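Student: structural data only, the sequence is not supplied:
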């Protein structure tokens, strides 16, 4: 087979359409075009054609993963699930994950730390809710345990719970004391604080 024409694609000028023996054969990115040194008149056999097409597919999956990661940090599970939904198979997904790890753009430990930092800064929650947030994002249990131990202490949980309960109490201060206690306790539990912490804070605020 002979490359009889190469032209830039109208919708994406950094991609090229490759024609073999007068007919369109496949499109390639700039990287693949350069890597395989494609040019008019070059002869390629069927095996080379398959190799080029496979390389282009791998490149496309890596580029898609990189674009998805560029919007915000992701966990490994988020990347894998996204590529699965796009219909790619395990070997291609694994190569894309390895590519992002090589670029230092995929690290579940650092991702978990970032989630904790951001959540504690913007809208603090207790340890139990933070654990569920990280589990939902696909971070494994050992990393979650390590991360929570870095960010949470009994003192911090008490401090956060007290601030949360104090804000809540201003909105329900006119209610009977027993109702205030119940609502404060339920609110703190929903925010992920330990039951013992919830009881202590509620008893401190409502005499």
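Tutor: Everything's here; your move. All values reported here derive from a predicted model rather than from experimental measurement.
Student: residues contacting residue 200?
Tutor: Neighbouring residues of residue 200 by C-beta atoms under 8 Å, 6 or more residues apart in numbering: residue 158. All C-beta atoms are positioned from the backbone trio N, CA, C, and that covers glycine.
Student: now with 6 Å, please.
Tutor: If you count contacts by C-beta atoms under 6 Å, 6 or more residues apart in numbering, residue 200 has none.
Student: kindly report the same for residue 148.
Tutor: residue 127.
Student: assign the one residue sitting closest to the centre of the chain to helix, strand or coil.
Tutor: Geometric centre of the chain, nearest residue: residue 74, 1.9 Å, by C-alpha atoms, centre = their mean. Following DSSP: H, G, I helix; E, B strand; the rest coil, the label given to residue 74 is coil.
Student: got the phi and psi for it?
Tutor: phi -130, psi 160 (degrees, to the nearest 10).
Student: what does residue 103 give?
Tutor: phi -80, psi 0.
Student: also the one 4 residues further on?
Tutor: Per-residue torsions, residue 107: phi -150, psi 110 (degrees, to the nearest 10).
Student: ditto for residue 14
Tutor: phi -90, psi 0.
Student: how about the contacts made by it?
Tutor: So residue 14 contacts residue 30 (C-beta under 6 Å, 6+ apart).
Student: at 7 Å instead, please
Tutor: 29, 30 (C-beta atoms under 7 Å, 6 or more residues apart in numbering).
Student: kindly report the same for the one 10 residues further on.
Tutor: Contacts for residue 24 were tallied using C-beta under 7 Å, 6+ apart; they are residue 17.
Student: quick check, it in a strand?
Tutor: Yes: assessed with three-state DSSP, residue 24 lies in a strand.
Student: picking up where we left off before, can you check the pLDDT for the residue nearest to the centre of the chain?
Tutor: Residue 74 is assigned a pLDDT of 93 by the prediction.
Student: and if you look at residue 113?
Tutor: 95.
Student: which SSE is it in?
Tutor: helix 108-122 (DSSP states H and E).
Student: and if you look at residue 12?
Tutor: Using DSSP H and E, no helix or strand contains residue 12.
Student: give me the neighbour count for it.
Tutor: 10 (other C-beta atoms under 10 Å).
Student: quick check on it: phi, psi?
Tutor: Torsion angles, degrees, to the nearest 10, at residue 12: phi -150, psi 100.
Student: any idea how far it is from residue 115?
Tutor: 34 Å (C-beta to C-beta, to the nearest Å).
Student: which elements pack onto the biggest helix by length in the chain?
Tutor: What stands out as the longest helix in the chain, according to DSSP state H, is helix 46-71. For helix 46-71, the elements it packs on are strand 23-29, helix 30-35, helix 76-85, helix 90-102, judged by 3 or more C-beta pairs under 7 Å, 6 or more residues apart in numbering; DSSP states H and E.
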